[in-house]
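S.K.: structure here, sequence nowhere to be found:
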């Protein structure tokens, strides 16, 4: 038990300057060994059907546990893979890659195993050679100092990657097993309360977003004049639309271009860089971009970011996260954009940026992208698929009216969503600080 009079010793780690004197200072390679996988997301004839612990099972996991409640992806594997890549209770699985540094190295402990449950090649697995409390394992790696180690050491330009050495060299601080249990029990109790709070808020946010999306989709596909004459489109997911609106394929109203295969860094110097997260998390490209990249004048010309540009996410783990859009409302001098994105630049005078902001994020298009998407190991959006998207084009004056209508109708919803999201952010920050204090011996329990 961590007592008031405990003595501390130096660690040499900038993120964990000291720990209780009786704790061990180790590296991850001293408590187990790391393994990669060769199991991808394919189903191959004659191979056996299995389930896999996948990237998203870890990345989106608020409990840091892999249990039988997870909806595991079904793929196929060889006998050799089944024999060697089965997960076992007590293993810890990690995300060894990410779009951005801050999201890399997340982990979860295996609480459920079965003969047909393996781990995906987008996942790294740690098998332990040292006895460690299974619940303490959840927090041993999912804490700020450990995640900072991963963030600092990952490499890569368009996608950040951790190699085996980065995992092996992770500093690990181990209390005696009885203290591990005390710490884990305390964090479990507190985390359960926090998880319940987060889940309640998330459900509330989902309901508000559904209401907001309904307003947007109806306005950008039906207009805001209830008495307008309608016409059939022959497109199931669009249905009837105002008679005077044009319907064109995207290729005829602008030009698409893939981004540059050069990474944006979130520290250092360079020019503004639009990354995957800037698009995925926003309807509008932020004017103050966190990402920076070294770019030539030629890059800045060929991969420019100007007012009215629409950016689409190009690759992801699932089809549902493909073709998420964000619009640039002002030209960003010297900016370039990531290879994980496709830029659509409309012809002059055909799409109002404020209308594009809502139109390309409406639910009506999701059916098109999900149906047409090809998934091998990662979902990927091609320019051809994007160019074939049928789009509705009201007159510019009406586009501006629709934007103003949506702004007004969603104002209260946006305020409520922002408030709830901030509450979740604050409680997560509190949990992060609490876990870090506990697993570095700073908390008196």
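M.R.: Received it, and whenever you're ready, just let me know what you need. These numbers were taken from a predicted model, which means no experiment stands behind them. Residues are numbered from 1 along each chain as shown.

S.K.: is the residue nearest to residue 333 when sequence neighbours are not counted in a helix, a strand, or coil?
M.R.: Nearest residue to residue 333 in three dimensions, chain neighbours excluded: residue 272, at 7.8 Å (CB to CB, 6 or more residues apart in numbering). No exception for glycine: its C-beta is placed from N, CA and C like everyone else's. For residue 272, the secondary-structure state derived from DSSP: H, G, I helix; E, B strand; the rest coil is strand.

S.K.: gap between residue 272 and residue 101?
M.R.: 17 Å (CB to CB, to the nearest Å).

S.K.: circling back to that earlier point, wait, doesn't the residue nearest to residue 333 sit right on residue 292?
M.R.: Yes - at 6.9 Å, residue 272 counts as touching residue 292 under the criterion of CB atoms under 8 Å.

S.K.: between the two, which has more neighbouring residues?
M.R.: Neighbours were counted for residue 272 and for residue 292 using other CB atoms under 10 Å; residue 272 has more, 24 against 18.

S.K.: show me the domain layout of the chain.
M.R.: Following automatic domain parsing, the chain resolves into domains at 1-8+176-223+395-445, 24-174, 228-393.

S.K.: now mean pLDDT and distance to residue 15 too, for these, in TSV please.
M.R.: Formatted as TSV, those follow (pLDDT from 0 to 100; distance: least, CB to CB, whole Å):
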stretch	mean pLDDT	distance to residue 15
domain 1-8+176-223+395-445	93	9
domain 24-174	91	4
domain 228-393	86	16
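
S.K.: mind putting those domains in JSON lines, distance to residue 18 included?
M.R.: Output for the domains of the chain, formatted as JSON lines (distance: least, CB to CB, whole Å):
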{"stretch": "domain 1-8+176-223+395-445", "distance to residue 18": "4"}
{"stretch": "domain 24-174", "distance to residue 18": "10"}
{"stretch": "domain 228-393", "distance to residue 18": "26"}
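
S.K.: right, and those - which one's nearest residue 14?
M.R.: Shortest distance between residue 14 and those, using CB to CB, is found for domain 24-174: 8.7 Å.

S.K.: distance from the chain centre to the closest one, please.
M.R.: Centroid separation for domain 24-174 versus its chain: 17 Å, with CA atoms, centre = their mean, to the nearest Å.

S.K.: and the helix ranked longest in the chain, what does it pack against?
M.R.: Of all the elements of type helix in the chain, the one with the most residues (DSSP state H) is helix 177-222. Applying 3 or more CB pairs under 8 Å, 6 or more residues apart in numbering; DSSP states H and E, one finds that helix 177-222 contacts helix 134-141, strand 240-242, helix 353-359, helix 396-439.

S.K.: now do the first one against helix 396-439, angle only.
M.R.: Pointing back at helix 134-141 there. Here the directions of helix 134-141 and helix 396-439 differ by 120 degrees (axes from the mean of the first three to the mean of the last three CA atoms, to 10 degrees).

S.K.: following element in sequence after helix 134-141, please.
M.R.: Counting by DSSP states H and E, the next helix or strand C-terminal to helix 134-141 is helix 144-153.

S.K.: that following helix: which residues count as buried?
M.R.: Neighbour counts using 16 or more other CB atoms under 10 Å place 144-151, 153 of helix 144-153 among the buried residues.

S.K.: with those in mind, which one is nearest to residue 107?
M.R.: residue 146 (8.5 Å).

S.K.: skip the chain neighbours and tell me the closest residue to the closest one.
M.R.: Using CB to CB, 6+ apart, the closest residue to residue 146 is residue 170 (6.1 Å).

S.K.: now residue 295: which helix or strand?
M.R.: Residue-wise, residue 295 maps onto no helix or strand under DSSP H and E.

S.K.: revised request: answer the last question for residue 165.
M.R.: Counting by DSSP H and E, residue 165 is part of helix 164-168.

S.K.: pull up the pairing partners for the helix or strand just after that helix, direction included.
M.R.: For helix 164-168, the following helix or strand on the C-terminal side (DSSP H and E) is strand 171-174. In the sheet, strand 171-174 lines up against strand 24-27 (antiparallel) (DSSP bridges).

S.K.: the next helix or strand along the chain from the strand it pairs with - contacts with which helices or strands?
M.R.: Per DSSP H and E, the first helix or strand lying C-terminal to strand 24-27 is strand 32-35. When contacts are defined as 3+ CB pairs under 8 Å, 6+ apart, strand 32-35 packs onto strand 124-128, helix 164-168.

S.K.: hmm, try it at 6 Å
M.R.: strand 124-128 (3 or more CB pairs under 6 Å, 6 or more residues apart in numbering; DSSP states H and E).

S.K.: burial count for the residue nearest to residue 146?
M.R.: Neighbours of residue 170 (other CB under 10 Å): 23.
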